[in-house]
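Asker: model the structure of this input:
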Amino acid sequence: MTTTSPACAGPQVYLHEAPARCATAIGPSVFVAVRGLGGRLLLVHRCASDAWEFPGGPMDVGETATESAVRQTAADAGLPVLLTGIVGIFSDPRIVVSGPEHQLQQQFAVLFRARSLGGVPHGDLRRTSEAAWVAQRDQPQLAVLPAVRDWIVEALANESAPCIR
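Answerer: Predicted structure coming up:
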């Protein structure tokens with residue numbers, strides 16, 4: 001089902017692995033929950049973790065969170081999007097991501113809501129091997145990190161109040 005290109009790479013995520021994986025910095029990142037027809041969610045298959053998650057990643061210096069979210073979604077899934085709101089802010093200090101020059105960073109993530117502006121999702125074969133619209137009934141069978149499962153629940157929940165954790 002899923003194939004990973006040898007050229008595929010990306011940051012490594014360490015979940016709840018204290019004290020061996022102690023963060024030395026905070027790494028702001030953005031992710032995007034794009035809803036499609038029938039409530040399907042746009043998910044990408046990450047090369048580094050071999051898991052499915054929302055498109056997104058670390059912000060670049062000089063860009064806003066919204067610019068980063070749109071850029072990351074286009075890069076990870078090949079789709080232009082229009083941001084429509086915020087699902088939430090997530091800052092679990094036990095989620096550590098390898099950053100530039102192998103620096104370990106505590107993830108500080110903003111998860112946006114968006115709608116697609118068209119196109120067919122596809123991985124970039126660098127950080128993502130695949131991108132797909134995934135029906136809710138198919139999500140439990142996918143390899144998804146526990147924190148991302150929580151994000152999916154929040155993305156499918158009430159759209160009026162953002163989650164702050």
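Asker: what about the most centrally placed residue in the chain, distance to T24?
Answerer: The residue lying closest to the centre of the chain (C-alpha atoms, centre = their mean) is F54, at 3.4 Å. F54 sits 25 Å away from T24, taking C-beta to C-beta, to the nearest Å as the criterion. (Each C-beta comes from the backbone N, C-alpha and C, glycine too.)
Asker: can you count the residues close to G88?
Answerer: 20 (other C-beta atoms under 10 Å).
Asker: residues in contact with the helix or strand where it lies?
Answerer: Counting by DSSP states H and E, the element that carries G88 is strand 81-90. Surrounding strand 81-90, the residues in contact under the criterion C-beta atoms under 8 Å, 6 or more residues apart in numbering are 32-34, 66, 69-70, 73-74, 107-117, 147, 150-151, 154-155, 159, 162-165.
Asker: then stretch 22-32?
Answerer: Under the criterion C-beta under 8 Å, 6+ apart, residues 42, 53-59, 65, 68-69, 72-73, 81, 83, 93, 96-97, 99, 103-114, 151 lie in contact with stretch 22-32.
Asker: hang on, E159 packs against R113?
Answerer: Yes: using C-beta atoms under 8 Å, E159 makes contact with R113 at a distance of 6.8 Å.
Asker: so those two - more neighbours on which side?
Answerer: R113 (20 against 13).
Asker: can I take it that that one is in a strand?
Answerer: Yes: secondary structure assignment places R113 in a strand (DSSP: H, G, I helix; E, B strand; the rest coil).
Asker: what separates the residue nearest to it when sequence neighbours are not counted from G27, distance-wise?
Answerer: In space, R113 comes closest to G85 once its chain neighbours are excluded; the distance is 4.2 Å by C-beta to C-beta, 6 or more residues apart in numbering. Spatial separation of G85 from G27 under the definition C-beta to C-beta is 23 Å.
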